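Novice: Model the following, please.
(2 chains, ligands or ions: 2)
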Amino acid sequence: MTRLLETQGLTAHYGDFQALFGIDMTIDAGETVAIIGSNGAGKSTFLRALTGLRPTAGQSVQFDGQSIAGLPAYRIHKLGLAMVPEGRRLFPSLTVEENLLIGAAGGRKGPWSLKSIYDLFPDLVAKKHNPGTALSGGQQQMVAIGRALMSNPKLVLCDEISLGLAPKIIKDIYQAVPQIRANGTSVLVVEQDVGQALAVATRVYCFMEGRVSLTGTPASLTRSQIAQAYFGLTEEAH
Amino acid sequence: MVWINAVLQGVLLGGLYALFAAGLSLMFGVMRFVNIAHGDFIVVGAYLILTFVISWGLNPIIGVALVLILMAAAGYLNQRFVLNRVLGKDILPPILVTFGLSIIVQNGLLELFSADSRKLPTGTWETSSLALTDQIAVGLLPFLMFLTAVGVIAAMQFVFYRSALGRMLRATSDDPEIVPLMGGNNARIFAIATALASLVVGIAGIWLAMKTNFDPAAGPARLLFAFEAVIIGGLGNIWGTLLGGIILGVAQTVGAQIDAGYQILAGHLVFLLLLVLRPKGLLPKVSH
Ligand SMILES: Nc1ncnc2c1ncn2[C@@H]1O[C@H](COP(=O)(O)OP(=O)(O)O)[C@@H](O)[C@H]1O
Ligand SMILES: [Mg+2]
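Specialist: Ligands and ions are numbered 1, 2, ... in the order given. Okay, here's the model as predicted:
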């Protein structure tokens, strides 16, 4: 197994407010890792720090054998780290197809192309000339995932891709994960839905108040451990 | 017949105003950024072509190429090293900085070229005309100017809506914060947008030099015409900029036909009227 990502003691701040207090995380090539944790735990901040949207200069962030701490986001992207941002953030002036194409602007080669994205999400074919934001929530999420994959990343970070979607749609979207992994892209998902996270991931990290409160494989974690790590409570306290 | 003629001359004059407006519109569209020195940069373009062709005696084609290259390069560097530093959520700093640039440019031009009004002679272009009917003729110079404007607007439209660069420019206009997640470097994208806009500013300056008298203080009025054309046509609509220029041009020439003193005033009045009736401009912002 080759190590794809490793952070040691990663911290992040918004002005005087400290959002992350030393996150240690590793992801190996081929893994699907899930981060769970309640609202405000620091999950999105962690992803923003990895992608360079939050400053990390001087810290320890290794990606694919090199330090990416402090690099500008556009350079980290070109090394093969893509993100599906929270809330999808499609470009409203661009059509579905243009939203996908812009994901490939970094010029990385690999298995993902318009064709393979349309194979993955056939619903998008009929909509390709619509404005990206004129789609249903689930289809918009497919575009956002497709846009990230178009850069042929080694690792794709997905921030709450199930948020606000119907269970049937969530199932459709998560069906793509094994295919993404089969194409050689490792996946890090942020999920508030613990069941979904345990079902898809090979390893889980739980965040609480800017720290990792629990980590392990889905099989090794008990419900009460997760409840405690998630809410900071013991089950008896409910 | 004089009225038809006035309208026709106004349409052609509108081409010049569309050229003034196109660069402004592009920068505003991509960066939400208003360059107060825009008109002064147009005047710089006019002085550059005058210097190359008249003072240095260069071949006009080489002169034009030099103006365009210099303007685009200066635009790129100005954005990358000056204007990007003041871009942000607050719209005031860029306005103040470009206001300062406007004053610096005007004084620099005054120092170099004196306050005398100048014009670039264009030889036979000035006197030639195309007869449309036996009673209506258009001057060759205004006609070519209008064609240039249509060509520039069409080229901008093509770049914006049909090229990968245009896709990136539109995406940056939508949501600059996440463009780096697509591999885009905002600082560089902004500089490229300004380089393109400055290229168009150079073209506008060359036509200004051929069409009218200009002096170092001519910039602010060009900025005003550019603003008016952009707003009449509709912010964020490239063809709208041409329409806005034409409406402004026609208002001015028809006004002048009523009374020579009404030319500029008529343009401003039509602008104000349209601002009241259609504050969002005549054409909608196109999304794709
Ligand atoms: N732009 C911001 N400015 C200030 N504080 C922020 C900002 N974004 C997030 N925070 C704070 O950082 C903490 C972690 O937020 P976030 O990473 O978004 O959590 P999560 O994604 O786990 O819900 C929260 O306390 C949140 O209020
Ligand atoms: Mg979040």
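Novice: In chain A, mark out all the strands, start to finish.
Specialist: A:3-14, A:17-28, A:32-36, A:60-63, A:66-67, A:81-84, A:155-159, A:186-191, A:203-208, A:211-216 (DSSP state E).
Novice: Can you list the strands that the shortest one pairs with?
Specialist: Sheet pairing for strand A:66-67, assigned by DSSP bridges, gives strand A:60-63 (antiparallel).
Novice: Which residues does the partner strand contact?
Specialist: With Cβ atoms under 8 Å, 6 or more residues apart in numbering or on different chains as the test, strand A:60-63 has contacts from A:3-10, A:49-50, A:67-69, A:76, A:79-81, A:155. Where C-beta positions appear, they are placed from N, C-alpha and C, glycine not excepted.
Novice: Could you rerun that using 7 Å?
Specialist: Residues from elsewhere that reach strand A:60-63 (Cβ atoms under 7 Å, 6 or more residues apart in numbering or on different chains): A:4-10, A:50, A:67-69, A:79, A:81.
Novice: which secondary element of the chain has the worst mean pLDDT?
Specialist: The chain I'm using is chain A. helix A:223-231 (a mean of 87; mean pLDDT, DSSP states H and E).
Novice: Not quite, go with chain B.
Specialist: Result, chain B / mean pLDDT, DSSP H and E: helix B:124-127, a mean of 84.
Novice: Quick check: what element follows that one along the chain?
Specialist: Later in the chain than helix B:124-127, the nearest helix or strand by DSSP states H and E is strand B:129-131.
Novice: Going toward the C-terminus from that following strand, what's the next helix or strand?
Specialist: Next element after strand B:129-131 (DSSP H and E): strand B:137-139.
Novice: Please identify the buried residues of that following strand?
Specialist: Buried residues in strand B:137-139, counted by 16 or more other Cβ atoms under 10 Å in any protein chain shown: B:138, B:139.
Novice: Show me what it is packed up against.
Specialist: strand B:129-131 (3 or more Cβ pairs under 7 Å, 6 or more residues apart in numbering or on different chains; DSSP states H and E).
Novice: residues near residue B:71, how many?
Specialist: Look at residue B:71: counted by other Cβ atoms under 10 Å in any protein chain shown, it has 27 neighbours.
Novice: so it sits in a helix?
Specialist: Yes - when classified by DSSP: H, G, I helix; E, B strand; the rest coil, residue B:71 is found to be part of a helix.
Novice: The closest residue to it other than its chain neighbours: helix or strand, and which one exactly?
Specialist: Computed as Cβ to Cβ, 6 or more residues apart in numbering or on different chains, the closest residue to residue B:71 that is not its neighbour in sequence is residue B:202, at 3.5 Å. Per DSSP H and E, residue B:202 falls inside helix B:186-211.
Novice: Moving C-terminal from the top helix by length along chain B, which element do we reach first?
Specialist: Identified as the longest helix of chain B according to DSSP state H is helix B:2-31. Per DSSP H and E, the first helix or strand lying C-terminal to helix B:2-31 is helix B:38-50.
Novice: Give me the residues contacting the least confident helix or strand of chain B.
Specialist: Counting by Cβ under 7 Å, 6+ apart, B:140, B:141 sit against helix B:124-127.
Novice: No further questions, thank you.
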